[in-house]
Structure formats: structure tokens, C-alpha cells
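[1] Below is the sequence, then the predicted model.
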Amino acid sequence: MTATMVSTMENTDYARLLEETADLMEIAGEDGFRIRSYRTAAAAVEGFLERVDDVLKDPTRKVTEIPGVGKGIAFALEEIHRRGSFERRDEMLEKYPPTALELLKIQGLGPKSIRAILEAYRVSTIDGLERLCKEHKLQLLPRMGAKLEEKVLRSIASYRKRAGRFLLDFATRTAEELITYLGAGEAAGSVRRGRETVGDLDLLVSGGDAAAMLDHFVKHPRVSEVLGHGENKASVKIGVEGLQVDLRTLPSESYGAAMQYFTGSKNHNVALRTRAVKMGLTLNEYGLYRVSDEVCVASATEADIYQALGLPWIPPELREGQGEMEAAERGELPRLIEGSDIRGDLHMHTTETDGRASLEEMAEAAHSRGYEYVAITDHSKALAMANGLDEARVVAFARQVRERNQAGLPVRVFSGLECDIRRDGAMDIENDALAELDVVVASVHSYMNMEPAEMTDRLLRALECPHVKILGHPTGRVLLHRDSFPFDFEAVAIAAAKNGVAMEINASPERLDIHATLIRIAKAKGCRFVISTDAHHPKHLGNMRYGVLTARRGWLEASDVINTRGAADLLSTLA
DNA sequence: ACCCGGTGGGGTGAAAGCTCATAAGCTTT
């Protein structure tokens, strides 16, 4: 690795190297506690508020001050800083090629199976694995059979389908990093529209010295490949992840037209151009022109273009060709919710279960975001792996929260619980204990492959529990990883509306659940909503922005979302 | 490998259920 790489290691890069080493050690069948140490350290490094680079460079500091980083991992971090890798990782990569890590992403195969496949067939790629399945060689190995071969083939198909897409937060952070680096620019495309996953990143910049801007762009330290570099545009791949980023430089007089064009969506642009044609105009990425004399009518700003087409400016989140044009025509665009409308966060975890920080730390982080309140909603006992709360701990927790609020906390803290919905739709915690809490989020975490009708009944029963106030991540999807479990969403939305249970818009970038289309369906059925981060670390509270984007994509206004209300109002709403 | 607490060593998140196969691996946050 080059010296330039060393100077640009982010905490996430250190964490990724530790994490992938842990994965390889798992395939190698090494000691579980040692593997966990690597994973703990990776999480600690990722969550560390300062840059590891800065600590390493400072002779008065030691990385061992990061809890979970001891002598061994401190040594590894220094080595990564110096040369981009460390000895243990190199050893592992000699035994198992890096493509083996990709195999871990195939559902149904874990480290043990992968090790068996590697040792029996020396196969370490997805293509090779596919071949083994098709030739029925996987079932020759112990504890593997025909069913597994089919499952693996299905997993490979869905893995390929999502390959090359990236989570919105990764794309957004990359965009912001590049814009800061360039000192100018704006993201267009699906990032600007707030889509939950994106294929590539379009950056636009106007004015200034275009050639110098593009030269500077392709030299960014995280650029791993330059795909093209012309007069007005450069394309690069960023990092090991390989996100493609296009930077276009534009004259300021056509900036609005380009922004409109590159923001899309395709469906929205088709509708907009159709409208232009009907008005004797033609719209392209350079501007809006009269057909008769080719005179440019608008081009400098998006608002100019929409206005010339007789429309108010349409927020990017609505530009999906889903009725926004008609609503704009009628002057009925929603007044979309904004980040500043949010006054609290009603779903988060602490070290009591699988979170990484204390109640006080979460409350402090909420305070510094300007919130009035939070609800601490740790897991219930069905999630044993996360050390979920039983009835006694729930009751004790509720009492403790009342006392701590009295004693003074940075923000008002509501006692809550993310209560598992059991297979039969019953709550995982008895009603008496639930009654002690301010807010109960009910979530499905298990048995996600039930028949749709059975799953619907399960959710409907959960919504009948009088203590349930919020349906958490209602569809269970994990982006680029797992599809929603199937059920009758409309029936559930109707029941939620009837029982006054808010639909959660889970702002975690891995979920963004429920998605925009379902939000609109639920709103039509009379549901109200809550936007929550499901934070497991203080910094996750910052994911609220993605939840707000998703709500905006679902046409929601502040009044649709209960955590835009003040604490007292919210409590009476919940009661 | 880390942490604690004490110079040698022990403990380390915490099940439960499913699938596929017949004891073990994988998934769930």
C-alpha cells in the first residue's frame, strides 16, 4: 500500500480490516473469544469519536485508551497505519483468499461450511460455489444436502441482484466528503431523492475552473480507479467498495437544468418533458426552450424551470412519477416534514441489552441534538442473545427511569421497551409489566418465513395489545441483505390506524423500514407515524436524517409524525 | 485478545428455533 493511503485511513477503514480478519479467523475455526475481541475492537474503533490516525500520530496518546483495544490490537492498528495491513491479517489471507469473505454473505453458509468447501474443493468464489451446487458436489460434503444446494443457489441469485448497490448513508457520506474536498458541488441523482440504495453518485458543480476542479477530483485519496477524465466530466471508483462517482462541471447558466435532469427520476423527467411539449416547449439537461424559436426560457435554477412549466418547485424526494406532477398542478403538494420538526427519538438501545452506551450517554447525545425527549427501548427476553429484559427487569427499569428523571437528566427520558412479538402474536412481556412503561414498541425478530396469512394474523394480534404504541420496523427488511417478510400490509395498516398504533419509520440506514410506498398506503388508511433511529450508539442518533428523507418520500407532513410533538402532547397522544 | 486485578490466571454478552440432516450449523440484534 502507498503512503497516501496511510494518511487517509478513517476509523471505518481500521474497523473494516479488523472485522474482516475476524471473519477469516472464524473460517479458520480459531478461538471464539479471540475473534470476539477483534469484533469488539472493530466496533470500538468505529464508534470512537476522534480519529484513530490522530491518536496514533500523537506521541502523548495511546490507542489503548479506546476500551476494547489492548496491546495486541494497538500493535495491529499501528501496523495498519504504517502499511495498510497487519501481520495476522496477512497470515489469514495467505491461508484463505479474500474472496472467501464474499462467501460469508451467502445466506445459508456460515464459517464452518465455507471452511469445509475450501478444504474439499479449493473453491473460494461465488462463481465456483455456484458451479459446485449445479454439479451437486456440495451435497457430497458432510451435513450438506440437496436442499442446501438449492438454498445456496437462491442466495447467490439474490446476492447478485443487489451487488453494485450501496446504502444511502454510505453514498451520502461519500458525497459530503467529496464536496468538502472540492470546496463546491452538490449531489444529484438518487442520493438527492433520498432513495434507500443507490447505484452510483452524481455530483454537479458550476462556475470556477472546471479543468482544475476535475484534476483535483481524480486525485482524491480515496479514488481507487479513474474511469474517465474529460473536459466537463470525470468518473472514478471510490475505495475498496467501488462506488462510482461522476463529477460534472457546468456553466452556471444551465446549472438548474442539469440539476433537474440528473436528479431524475426517469419517470419524473418523462412526465415533465411531456408537459413541456404540450406547452410548446422542450426540456433537456441544458435548459427549457421554446420550440418555435429555440429561445431559452429557463435554465439557471430548478425553480425557474418548474415555474416556466406552470408548476411550483417539486422537492426531489417526491420526484418518482407517483402523482407529484398532478399534485403540483393542483397546488396540493404536501408541506413535507423537515429534520428540524423532530423533537425526540422513541427507539434506542443501551448497554442494558445490545446498545453500546448508557442511558445517560444517549440522553446527553439527544440533548446535544436539541431534542426534548427520548425513549429508551431495550429488547425483551425473547431476544436472549441480546440479553433482553424479563418482566422483573422491565418493572425495575421503569421505576429507575422515573427516579432518574426526578434527579435530572439532559432530556426527558421515557421508559420504553422494544417488545418481541412472539410467533403467535402475543407480547413477549406480560401486560402488568408493560403497563409500567411510557412507550412500547412491538417488533418481529424471529420466524420471518411464516406464511403471509399467518404473519398477518400474528401482527394483527400484536396490534390488539393495549400497551403497544408503535409497530417497530414493520416489514423486517434489511437492505441489500433480506427482503421484507410477506404479509397483508393494508390489513395491518387499517388495524394500526384503528388502534392508534403508530407505524415506525425505522431510520437505521440498513432498514429504512417502512419504505415510501408503504408509508403512502398507511397514510391513506389513516395511520400516524413515528420516525426513530433504533440507535445502538450515540452517533446513530444522527441517522434521523435518513428517516426524515424516507418520510418525505412517503409524502408525510410534520402533523403525520408523532415525534414532532412536544413531550406532554406526545404522552397524551400515546395514552 | 481484552479486562480485571493482581503477578498467575480466570472469565469473557445472555438462547432458541429452524433446517437439514441425524449432530451440527445457521439465523436472529
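    Everything's here; your move. No experiment lies behind these values; they were computed from the predicted model shown.
[2] Residue A:378 belongs to a strand?
    Yes - according to DSSP: H, G, I helix; E, B strand; the rest coil, residue A:378 belongs to a strand.
[3] For DNA strand B, see how far away it is.
    10 Å (C-beta to the nearest atom of the strand, to the nearest Å). Glycine gets a C-beta too; all of them are placed from N, C-alpha and C.
[4] I figured that residue was touching residue A:350, is that so?
    Yes - the pair residue A:378 / residue A:350 is scored as a contact, 6.1 Å apart, by C-beta atoms under 8 Å.
[5] Look at the two and report which has more neighbours.
    Using other C-beta atoms under 10 Å as the criterion, residue A:378 and residue A:350 rank with residue A:378 on top: 25 against 21.
[6] Give the full set of residues in contact with the residue nearest to the more buried one when sequence neighbours are not counted.
    Excluding its sequence neighbours, the residue lying closest to residue A:378 (C-beta to C-beta, 6 or more residues apart in numbering) is residue A:353, at 4.1 Å. Taking C-beta atoms under 8 Å, 6 or more residues apart in numbering, we find residue A:353 in contact with A:378-379, A:383, A:386-389.
[7] which SS class is residue A:353?
    Secondary structure for residue A:353, judged by three-state DSSP, is coil.
[8] how much space is there between it and DNA strand B?
    Residue A:353 is 6 Å from DNA strand B, by C-beta to the nearest atom of the strand.
[9] What residues does the stretch 151-300 of chain A have near DNA strand B?
    Within the stretch 151-300 of chain A, the positions adjacent to DNA strand B are residue A:151 by C-beta under 7 Å from any atom of the strand.
[10] filter the contacts of residue A:353 to the buried ones?
    Taking 16 or more other C-beta atoms under 10 Å as the criterion, what is buried in the contacts of residue A:353 is A:378-379, A:383, A:386, A:388-389.
[11] okay, the residues you listed in TSV with pLDDT next?
    As requested, these are arranged in TSV below (pLDDT from 0 to 100):
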residue	pLDDT
A:378	95
A:379	95
A:383	91
A:386	89
A:388	92
A:389	93
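[12] Let me know the closest of those residues to DNA strand B.
    DNA strand B lies nearest to residue A:386 out of the buried ones among the contacts of residue A:353, by C-beta to the nearest atom of the strand, at 4.0 Å.
[13] give the contact list for that closest one.
    Contact partners of residue A:386, counting by C-beta under 8 Å, 6+ apart, are A:353-354, A:379.
[14] isn't residue A:401 right next to residue A:415, touching?
    Yes - with contact defined as C-beta under 8 Å, residue A:401 reaches residue A:415; the gap is 3.9 Å.
[15] what do those two both touch?
    Joint contacts of residue A:401 and residue A:415 (C-beta under 8 Å, 6+ apart) are A:376, A:438.
[16] Right, and DNA strand B sits closest to which residue of chain A?
    Closest to DNA strand B within chain A is residue A:145: 1.4 Å, counting by C-beta to the nearest atom of the strand.
[17] which residues does that residue contact?
    residue A:139.
[18] how close does it get to residue A:117?
    Here residue A:145 is placed at a distance of 14 Å from residue A:117 (C-beta to C-beta, to the nearest Å).
[19] got it, and residue A:548?
    Residue A:548 is 44 Å from residue A:117, where distance means C-beta to C-beta.
[20] What of residue A:317?
    Plainly put, residue A:317 is 44 Å away from residue A:117 if you go by C-beta to C-beta.
[21] One more: residue A:387?
    Between residue A:387 and residue A:117 the computed distance is 33 Å (C-beta to C-beta).
[22] again with residue A:90
    Noted for residue A:90: a distance of 23 Å to residue A:117, by C-beta to C-beta.
[23] if you count what's nearby, which of those two comes out ahead?
    The residue with more neighbours, out of residue A:90 and residue A:117, is residue A:117; 24 against 12, by other C-beta under 10 Å.
[24] outside of the helix or strand hosting the more buried one, which residues touch it?
    Assigned by DSSP states H and E, residue A:117 falls within helix A:111-121. For helix A:111-121, contacts defined as C-beta under 8 Å, 6+ apart pick out A:23, A:26-29, A:96, A:100, A:103-104, A:109, A:123-124, A:128-129, A:132, A:137-138, A:140-142, A:144.
[25] For these, which PyMOL command selects only the ones that are buried?
    Typed into PyMOL, the line below selects the buried ones among these, using 16+ other C-beta under 10 Å:
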select buried, chain A and resi 23+26+27+96+100+103+104+109+123+124+129+132+137+138+141+144
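[26] got the residue ranges for the helices in the stretch 101-250 of chain A?
    In chain order, the stretch 101-250 of chain A shows helices spanning A:111-121, A:126-134, A:146-162, A:168-182, A:189-193, A:210-218, with DSSP state H, counting those that start in this stretch as the criterion.
[27] Show me what the fifth one is packed up against.
    In this case it means helix A:189-193. Counting contacts by 3 or more C-beta pairs under 8 Å, 6 or more residues apart in numbering; DSSP states H and E, helix A:189-193 packs against helix A:168-182, strand A:197-198, strand A:200-206, helix A:255-263.
[28] So what are the sheet partners of the second one and their directions?
    Pointing back at strand A:197-198 there. Taking DSSP bridges as the criterion, strand A:197-198 sits next to strand A:166-167 (antiparallel) in its sheet.
[29] Let's test this: mean pLDDT of the partner strand, rounded?
    Strand A:166-167 shows an average pLDDT of 93 in the prediction.
[30] Tell me, what's the model's pLDDT at residue A:5?
    Looking at residue A:5, its pLDDT stands at 45.
[31] So which residues make contact with the host helix or strand of residue A:463?
    In the assignment (DSSP H and E), residue A:463 maps to helix A:452-464. Applying C-beta under 8 Å, 6+ apart, the contact partners of helix A:452-464 are A:421, A:423-427, A:442, A:444, A:450, A:468, A:471, A:474, A:485-488, A:491-492, A:495-496, A:499, A:501.
[32] which among these end up buried?
    Neighbour counting with 16+ other C-beta under 10 Å marks A:421, A:425, A:427, A:442, A:444, A:450, A:468, A:471, A:474, A:485-488, A:492, A:495-496, A:499, A:501 as buried within the contacts of helix A:452-464.
[33] among those residues, which are in helices?
    The helices, defined by DSSP state H, take in A:492, A:495-496, A:499 from the buried ones among the contacts of helix A:452-464.
[34] Go through the helices of the stretch 101-250 of chain A and pick out the most buried.
    helix A:189-193 (a mean of 23; mean count of other C-beta atoms under 10 Å).
[35] Please state the offset of stretch A:513-521 from the chain centre?
    Averaging C-alpha positions (C-alpha atoms, centre = their mean, to the nearest Å) puts stretch A:513-521 15 Å from its chain's average.
[36] swap in stretch A:228-242?
    In terms of C-alpha atoms, centre = their mean, the centre of stretch A:228-242 is found 24 Å from the chain centre.
[37] is residue A:166 in a bridge, and if so with what?
    Listed by DSSP bridges, the beta-bridge partners for residue A:166 are residue A:198.
[38] That one and residue A:243 touch, don't they?
    Yes - between residue A:166 and residue A:243 a contact is recorded at 5.3 Å, counting by C-beta under 8 Å.
[39] Get me the contact residues on the stretch 301-450 of chain A for DNA strand B.
    With C-beta under 7 Å from any atom of the strand as the criterion, the stretch 301-450 of chain A meets DNA strand B at residues A:353-354, A:379, A:383-387, A:423, A:445-449.
[40] what about the stretch 401-550 of chain A, any weak spots by pLDDT?
    Along the stretch 401-550 of chain A, segments meeting pLDDT under 70 are nowhere present.
[41] try chain A
    The low-confidence ranges in chain A, as defined by pLDDT under 70, are A:1-7.
[42] What backbone torsions are found at the residue positioned nearest the centre of it?
    Centroid-nearest residue in chain A, with C-alpha atoms, centre = their mean: residue A:509, separated by 1.0 Å. Main-chain dihedrals, residue A:509, degrees, to the nearest 10: phi -60, psi -20.
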